[in-house]
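Peer 1: A predicted structure for the sequence below; I have some questions about it.
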Amino acid sequence: MATATDLKVKPLADRVVVKPLEESEQMRGGLYIPDTAKEKPQQGEVVAVGPGKLSEEGRRIDPELKVGDKVLYGKYSGTEVTLDDNQYLILRESDVLAVI
């Protein structure tokens, strides 16, 4: 179990807290794209990891992810939360598609 020192949230079981990576402001065809029309980011950095899932036998299964991993996740995965004016995403480890 590992958590970021500045984050005051501790995920449970096989959940992880991810800080979505900001996409740089881009102009397409000379026009700015408003925030409401932009796609949600699908990659982020793991900032907290839960202790792991319990198996049916009651044993703890260690998580594969660790704090600092850059990950790809599904577009509509997890739950968005705001903590200390920062956006985070809490999702299950199985919702993470890949480590990059």
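Peer 2: Yep, it's here.
Peer 1: Could you pull out the helices in this structure for me?
Peer 2: For the chain, helices defined by DSSP state H do not occur.
Peer 1: ok, now how distant is the spatially most central residue of the chain from Val67?
Peer 2: Centroid-nearest residue in the chain: Val18, 2.2 Å away (criterion: C-alpha atoms, centre = their mean). Separation of Val18 from Val67 (C-beta to C-beta, to the nearest Å): 11 Å. C-beta coordinates here come from the backbone N, C-alpha and C atoms, glycine included.
Peer 1: so what sits against both of these two?
Peer 2: Residues touching both Val18 and Val67 (C-beta atoms under 8 Å, 6 or more residues apart in numbering) are Val46, Val47.
Peer 1: list the contacts for the residue nearest to the centre of the chain?
Peer 2: Applying C-beta under 8 Å, 6+ apart, the residues near Val18 are Gly44, Glu45, Val46, Val47, Val71, Tyr73, Gly78, Tyr88, Leu89, Ile90, Leu91.
Peer 1: could these be laid out in CSV, adding neighbour count and distance to Arg60?
Peer 2: Output for the contacts of Val18, formatted as CSV (neighbours: other C-beta atoms under 10 Å; distance: C-beta to C-beta, whole Å):
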residue, neighbour count, distance to Arg60
Gly44, 24, 25
Glu45, 15, 24
Val46, 23, 19
Val47, 23, 21
Val71, 21, 22
Tyr73, 21, 23
Gly78, 20, 22
Tyr88, 21, 24
Leu89, 20, 24
Ile90, 19, 20
Leu91, 22, 19
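Peer 1: so of these, which ones are in strands?
Peer 2: In strands, defined here by DSSP state E, the members of those are Gly44, Glu45, Val46, Val47, Val71, Tyr73, Tyr88, Leu89, Ile90, Leu91.
Peer 1: between the residues you listed, which is nearest Glu57?
Peer 2: Leu91 (25.3 Å; C-beta to C-beta).
Peer 1: Quote the end-to-end distance of stretch 63-80.
Peer 2: 21 Å (C-alpha to C-alpha, to the nearest Å).
Peer 1: what comes into contact with it?
Peer 2: Stretch 63-80 has contacts (C-beta under 8 Å, 6+ apart) with 2-4, 14, 16, 18, 21, 39-40, 42-53, 87-93, 95-100.
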